[in-house]
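A.B. asks: Pasting the sequence and the predicted model now:
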Amino acid sequence: MSPARPARILVSVHTSAALLAVGCLLGTLWNGLEERPVALAFGLLITVGELTRWTGPQVREPAPLAAAGALAYALLGEDAGTPTHHGMAQAVTIVLTAILLGCVPHIARGRGPDPGQLARRLLTVGFAAVCFQPLYNRGLFEQWSGAAYALLLAALLALTALCDAVLAAALARSRTGWPFGPLLRDELRGLLGIGSAVGATGAVMALAVAVAGLWALPVFCVPLLLTQLAFRRYAAVRATYRQTIASLARATEVAGYTPAGHARRVAALSVAVGRDLGLSGAELTVLEYAALMHDIGQLSLVDPVPAGATAPLPAAEQRRIALLGGAVVRQTGVDASVAVVVERQADPCREQPAAARIVRTVNAYEEKAYGAGADGPLKALEELRLATADEHDPEVVEALARVLRISGAGTGATPGARLRGGVGQGGAG
């Protein structure tokens, strides 16, 4: 893959969003502001949503209230039974202005919005508005009422969600260089979480304002705020859970059984290889935890293995260490699927689950390449390719080679050094 291609994707998305913003702003200034109370109410809602933006661990939608309000304004056709005429340009302009106002306190604290996230929000809102506002203002939806109108909004939301998922996957590809297909699948799966809550709330807000007026906005904000609070607590628990696993994984390093940082490097490379092979978010989480704890069975050894390298050990000894590691993982209360991967990393390659094959190959690469000099990574990769007949899965080895080529680790950089940012994001969303 050419390294210039992800950069072109990022430039294209940002340029499209900038052109949309400038065009809509000029159009609104030229035509004036329609239904100012409605615009002010939705602008205030979006601003409040941005003020409550999640500044903690990275999630798919850090400001769900603002996203729902933006969608609702883009799909708004009536205010208490009175048709609106704000149009697509004004919808994008109000959303952009409100987002920028809501981001001022975050910028003052040094936590400004991600340009990619802002571009994605504008393009998504623009897509929803251009699908609805021109047709509504021409009277094409006058015959739609009741359940038919609700189904129409649901269909438009589905198309908007698909557009948003494509944009998010494209931005993730430009940031990481990972394949677009698996990233898009992760984004589509993420729609079942906070994405579905945002879309449903946006549609309900638009329908409620059409019937009851602007008083419906604060009423329908409460459920989404509670949902956002629940997601924050869930993410905090999940972060603590991962920190506990990472601390357990460091036990072998503190005891001198494995080199410092070995578990983190194996986990980073394993998650990257798993993404390249198309594993889902949940599978990547299991893979990451298993990679972090793959050497914990070495704590049962009386004498440490030199440099913690278990690959040169006899197969029976490797299997014994793996089984002991799985037993330790089970006692910690970690998901049983993680223990299975740890236990089976020493099984014959063709009998292993995908996660165990990845951990086995990445661990062998790390043991061979780390500290072996500038030519170590290339020699280690060549040794793995020569062992694909019985010890390593050829697909996993080639995926590892692609990941190393993208990250630059295959040219002599420290294995996994440039991939650590991907650890812990496997199940995000």
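C.D. replies: On my side now, so go ahead.

A.B. asks: remind me which residues of this protein are low pLDDT?
C.D. replies: 1-6, 55-60, 302-312, 371-374, 407-429 (pLDDT under 70).

A.B. asks: all strands for it, in order.
C.D. replies: Using DSSP state E, the strands found in the chain span residues 78-79, 82-83.

A.B. asks: what's the last one in contact with?
C.D. replies: Here strand 82-83 makes contact (Cβ atoms under 8 Å, 6 or more residues apart in numbering) with G77. From N, CA and C alone the C-beta is placed, and that goes for glycine too.

A.B. asks: Centre of the chain to it, how far?
C.D. replies: Centre-to-centre, strand 82-83 and its host chain are 39 Å apart (Cα atoms, centre = their mean, to the nearest Å).

A.B. asks: Make 17 the first number, not 1, from now on.
C.D. replies: Shifting the count to begin at 17 puts that one at strand 98-99.

A.B. asks: Tell me where the longest helix sits in the protein.
C.D. replies: For the chain, the longest helix by residue count, based on DSSP state H, is helix 232-265.

A.B. asks: got the buried residues for that helix?
C.D. replies: Neighbour counts over helix 232-265 (16 or more other Cβ atoms under 10 Å) mark 232-233, 236-237, 240, 243-244, 247, 251, 258, 261-262, 264-265 as buried.

A.B. asks: now swap in stretch 82-98 and tell me
C.D. replies: 82-95.

A.B. asks: For R248, which non-adjacent residue is spatially closest?
C.D. replies: Excluding the flanking residues, the one nearest R248 by Cβ to Cβ, 6 or more residues apart in numbering is W70, at 6.4 Å.

A.B. asks: List the contacts of the one you found.
C.D. replies: For W70, the contacting residues are P78, A79, Q244, R248, by Cβ under 8 Å, 6+ apart.

A.B. asks: re earlier: now flag whichever of the buried residues of stretch 82-98 is closest to Q368.
C.D. replies: If you rank the buried residues of stretch 82-98 by distance to Q368 using Cβ to Cβ, A83 comes first, at 41.2 Å.

A.B. asks: And the closest one, how far from T217?
C.D. replies: A83 is 9 Å from T217, where distance means Cβ to Cβ, to the nearest Å.

A.B. asks: And for A174?
C.D. replies: With distances taken as Cβ to Cβ, A174 is found 15 Å from T217.

A.B. asks: Mind checking which of these two has more residues around it?
C.D. replies: Taking neighbours as other Cβ atoms under 10 Å, A174 and T217 compare with T217 leading, 22 against 12.

A.B. asks: Spit out the contact partners of the residue lying closest to the more buried one once chain neighbours are set aside.
C.D. replies: In this structure, T217 finds its nearest non-sequential neighbour in A84, 4.1 Å apart by Cβ to Cβ, 6+ apart. The contact partners of A84, by Cβ under 8 Å, 6+ apart, come to G65, A213, V214, G215, T217, G218, M221, L240.

A.B. asks: Tell me which two in these are the farthest apart.
C.D. replies: Taking Cβ to Cβ, no two of the contacts of A84 sit farther apart than G65 and G215, at 14.6 Å.

A.B. asks: And the strands of the chain: which comes nearest R291?
C.D. replies: strand 94-95 (44.7 Å).

A.B. asks: Can you give the contact residues for that closest one?
C.D. replies: Strand 94-95 is contacted from outside by E51, V54, T100, V225, A226, V227, G229, L230, using Cβ under 8 Å, 6+ apart.

A.B. asks: Now that we have these, which of them are buried?
C.D. replies: E51, V54, T100, V225, A226, G229, L230.

A.B. asks: contacting residues around V357?
C.D. replies: With contact taken as Cβ under 8 Å, 6+ apart, V357 is in contact with V302, L303, A306, H310, P369, A371, A372, V375.
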